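Enquirer: 3D model of this:
(2 chains)
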Amino acid sequence: MSTVTETKPEFDGRAARQVARETRRHEKTAQKRLTSKTATLIAIVIAIFWTIPTFSLFVTSFRPGSDSQTTGWWTVFVDPAFTLDNYYDALTSGGTALTLGQSFLNSLAIAIPATAIPIALASLAAYAFAWIDFKGKSGLFIFVFALQIVPIQMALVPLLSLFSRGLEINGVAVFPGFELRGVEHSFATVWIAHAIFAMPLAIFLLHNFISEIPREVIEAARVDGAGHGQIFFRMILPLAMPAIASFGIFQFLWVWNDLLVATIFAPSSSLPLTQTLNSLSGSWGDRWYLQSAGTFISIIVPLIVFFALQRFFVRGLLAGATKG
Amino acid sequence: MSQTKLTEPLVFHDEKQPPKSPRARKIATIVALAAGALAVVAVILLWLSPPVDDAPPTSLGFSLNSFFVWLGGMHPLVQIPIVLVVFGVVVGLVLVLIEFAPRRGRAYTWLRIAACFVLPLLAFMLLRPYQNAVVYVVAIALGLGALLFFADYRSREGAGYVFQLVIFLAPALLLLLLGLIYPAISTFFQSFFDKSGEQFVGLENYIWTFTNAEGFWSVINTIIWALFAPTLSTIIGLAYAAFIDRARGEKILKVLVFMPVAISFVGAGIIWKFIYDYRQGEQIGLLNAIVTMFGGEPVGWLDAQPLINTFALLAVFIWTQTGFAMVILSAAIKAIPTEQLEAAQLDGASAWQRFTNVTVPGIRSSLIVVLTTITIASLKVYDIVAVMTGGRSNSSVLGFEMVNQQQRFQSYGHSSALAVVLFLFVLPLIIYNARQMRKQKEIR
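Expert: Just a heads-up that it's a prediction; the model follows:
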């Protein structure tokens, strides 16, 4: 048998560099042909068109009231005049009802627990669905996922009745509802309502992520003698932080921007920003200098969260967030 | 269901207990049957018991309600850390319970027994059952507790397994049961009763939905929303994503269009009310200013019928949703392998041909997800209509009218029927959406 000598191909540095150069050149031409100048121009036009509405209100919020009531906001470019009075007025107006400033605090007090509670409960359930076996698991999981079908509007009235009138079985009153009438700042019903409505999607999203944690990691902990409780707290929670962060931001924005749940469940002393802005908008009517300032006070927090945490927000969206 | 990713479960086999003696099993079975029977009897007795007026609620001196009353007396900002801490403590206790549940040994067995009975009892008592019902409630709680212990005891996976499972799932599932399932069923039944909720009226509320002006226009407008909002948002979003793909300044162009997604519908409504502003004389609303600049008369956009005001409202929704479509489609476009595009280019395909024959089929599943998601969102709209028109001039949609009927007219029957119709519109879409998402996950 003759030995076959393998000749190792010599590494030809010059040829390699030449190939690399050609590739880069091809990529550049391909790129140029894929994105033409007209396309970019149209995109810029669309972007401008999309920004104008917000921009117009932003400009108006800094113009003195007398100006914005009589002239279009675009005249500010020829006749600039700016003031911060609108913001001060918007924050403090409200008479006997809530001011925007108070509502801002209410929104904060509603949004933070309404984000934390569903996350905690959903991650417990998601872990069970992902890593504990039981009969009927897949059926139950589909059912929980399918509960996203139920529009909030369908659950509103009975849930409200449960909170205020309690549970009645066949005419027999079993549990009274919550008696929170004289309470100064009661958010309990809003927290619970938001937690309920967030649950199906939260369980689904967190389960997606938790089920993708490698088995070996968890089994290694098991070998070390940890039970489900420790595994959940010491391992799953830290590992699932990206998903929790993404969903958390999403949920926070959703609750902050929510109007419907607040309208139905929040008592009149605990109205969040959206509600107060809505009713003030009605009474401010044509006074756009106030409306604009009020609107911006209400959207400044979402915008900050959005700009600062864009990455997580987008990731939450791409993970299939179908909140709607 | 093999398509959804449900992983191989972890079973901790070494916790299995030695086989129990037949006598022990018999005792356990008897105890369980007795407890089950007790619970059932208690439920029946509760069902049949006569209504008692003015029975005061019993409480342990401390209840969920008293906690909320105490909490609500504080400043909103102070409530935040208190709630988080209390909730954290409760969850922590739950985790401790989970951790200790499956351990072997007499002390832990007693812990499990105690927890099985104390937890349901505590849960029910925290809700302050009325005096006439409290006996039955206690009996039901104890019965459930015994059933739980029995199920746990007999479980093949060893002690504590079922117990742990129940504790993991119970909070979430209970919330869903009380907050979504029961209300949904209740609304469904209420739609067949009249305004007061007492008189059965069959399909009358549904007939009202389609014949009464408000109901009729709600349905028509909702259909228009559902047809135009997703298609326009997706087309613009797709075109935009394709145009800015790998262009210079792509990031900032993305942010500009995506920004409205973060704005609340209330804010968006006010922003666009400003654009639609209608007055005589000098215009301050952008749209009417443009109209008058071209010599036309200013138009009251939000009151223009038929259907013009619906489209005016629709524009606001599209303004917010396009960014969402764009982000998802942009990610999908970037996921298309460049070799495919280059191969098409080498074959002589023009940019447009490359787009329609390579890109669009390649992002098909994302397109479907975007379309169905926006459609579902458009069906549930409430805020935009509430803020901009309050439903006047026939601009209402199902999602708004349902609440409107409830709040303004106290008409439970009508609002329930509207809610059910809304549900029926949404149902096929979510099923379709779910299937598409599962398919999409498989490809990834």
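
Enquirer: Kindly provide the distance from the residue most central in space within chain A to chain B.
Expert: By CA atoms, centre = their mean, the mean C-alpha position of chain A lies nearest to residue A:250, the distance being 2.0 Å. Distance of residue A:250 to chain B, given as CB to the nearest CB, to the nearest Å: 11 Å. Glycine gets a C-beta too; all of them are placed from N, C-alpha and C.

Enquirer: Could you list the low-confidence segments of the stretch 51-200 of chain B?
Expert: Residues of the stretch 51-200 of chain B meeting the criterion pLDDT under 70: B:51-54, B:197.

Enquirer: Which stretches in it count as strands?
Expert: Per DSSP state E, counting those that start in this stretch, the stretch 51-200 of chain B carries no strands over any range.

Enquirer: tell me the contacts of the most centrally placed residue in chain B?
Expert: For chain B, the residue nearest the mean C-alpha position is residue B:180 (8.5 Å; CA atoms, centre = their mean). Taking CB atoms under 8 Å, 6 or more residues apart in numbering or on different chains, we find residue B:180 in contact with A:147, A:150, A:155, A:196-197, A:199-200.

Enquirer: Among the residues you listed, which one has the most neighbours?
Expert: Ranked by neighbour count (other CB atoms under 10 Å in any protein chain shown), the contacts of residue B:180 have residue A:197 at the top, with 30 neighbours.

Enquirer: residues near the closest residue to that one other than its chain neighbours, how many?
Expert: What sits nearest to residue A:197 in space, not counting adjacent residues and going by CB to CB, 6 or more residues apart in numbering or on different chains, is residue A:152, at 5.7 Å. Neighbours of residue A:152 under the rule other CB under 10 Å: 22.

Enquirer: Verify the stated contact: residue A:152 with residue A:258.
Expert: No: the pair residue A:152 / residue A:258 is not scored as a contact, 9.3 Å apart, by CB atoms under 8 Å.

Enquirer: returning to that earlier point: pLDDT and secondary structure for the contacts of residue B:180 - can I get that in TSV?
Expert: Below are the contacts of residue B:180 laid out as TSV (pLDDT from 0 to 100; DSSP: H, G, I helix; E, B strand; the rest coil):
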residue	pLDDT	secondary structure
A:147	86	helix
A:150	83	coil
A:155	87	helix
A:196	94	helix
A:197	92	helix
A:199	92	helix
A:200	90	helix
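
Enquirer: gap between residue B:291 and residue A:291?
Expert: 22 Å (CB to CB, to the nearest Å).

Enquirer: Then residue B:191?
Expert: 38 Å.

Enquirer: got a pLDDT number for the residue nearest to residue A:197?
Expert: At residue A:152, the model reports a pLDDT of 85.

Enquirer: For it, give me its contacts.
Expert: By CB under 8 Å, 6+ apart, the residues touching residue A:152 are A:197, A:260-261, B:380.

Enquirer: Which of the helices or strands spans the single nearest residue of the stretch 301-444 of chain B relative to chain A?
Expert: Using CB to the nearest CB, the closest approach of the stretch 301-444 of chain B to chain A is made by residue B:377 at 3.0 Å. Using DSSP states H and E, residue B:377 falls within helix B:364-379.

Enquirer: The helix or strand that comes right after that helix packs against which elements?
Expert: Moving toward the C-terminus from helix B:364-379, the next helix or strand (DSSP H and E) is helix B:383-388. Helices and strands touching helix B:383-388, as assessed by 3 or more CB pairs under 8 Å, 6 or more residues apart in numbering or on different chains; DSSP states H and E, comprise helix A:273-284, helix B:265-275, helix B:308-334, helix B:398-409.

Enquirer: how about a cut-off of 6 Å?
Expert: helix B:265-275, helix B:308-334 (3 or more CB pairs under 6 Å, 6 or more residues apart in numbering or on different chains; DSSP states H and E).

Enquirer: Give the rounded mean pLDDT of the shortest one.
Expert: Regarding helix B:265-275, the rounded mean pLDDT is 89.

Enquirer: for the stretch 151-300 of chain A, what are the low-confidence residue spans?
Expert: The model of the stretch 151-300 of chain A has pLDDT under 70 over residues A:170-171.

Enquirer: Now do the helices in it.
Expert: A:152-165, A:188-210, A:215-223, A:228-230, A:237-239, A:241-256, A:260-265, A:273-284, A:288-308 (DSSP state H, counting those that start in this stretch).

Enquirer: In the last one, which residues are buried?
Expert: Along helix A:288-308, the positions that meet the burial threshold by neighbour count (16 or more other CB atoms under 10 Å in any protein chain shown) are A:288-299, A:301-302, A:305-306.

Enquirer: could you pick out which of these are near chain B?
Expert: Counting by CB under 6 Å from any CB of the partner chain, A:288, A:291, A:295, A:298-299, A:302, A:306 from the buried residues of helix A:288-308 sit close to chain B.

Enquirer: which of these sit farthest apart?
Expert: The distance between the two most remote of those (CB to CB) is 24.4 Å, for A:288 and A:306.

Enquirer: ok, back up a step: which other helices and strands does the helix holding residue B:377 contact?
Expert: helix B:213-244, helix B:308-334, helix B:412-443.

Enquirer: For residue 130, grab the count of nearby residues.
Expert: Here I'm looking at chain A. Residue A:130 has 25 nearby residues by other CB under 10 Å.

Enquirer: wrong one, chain B
Expert: If you count neighbours by other CB under 10 Å, residue B:130 ends up with 20.
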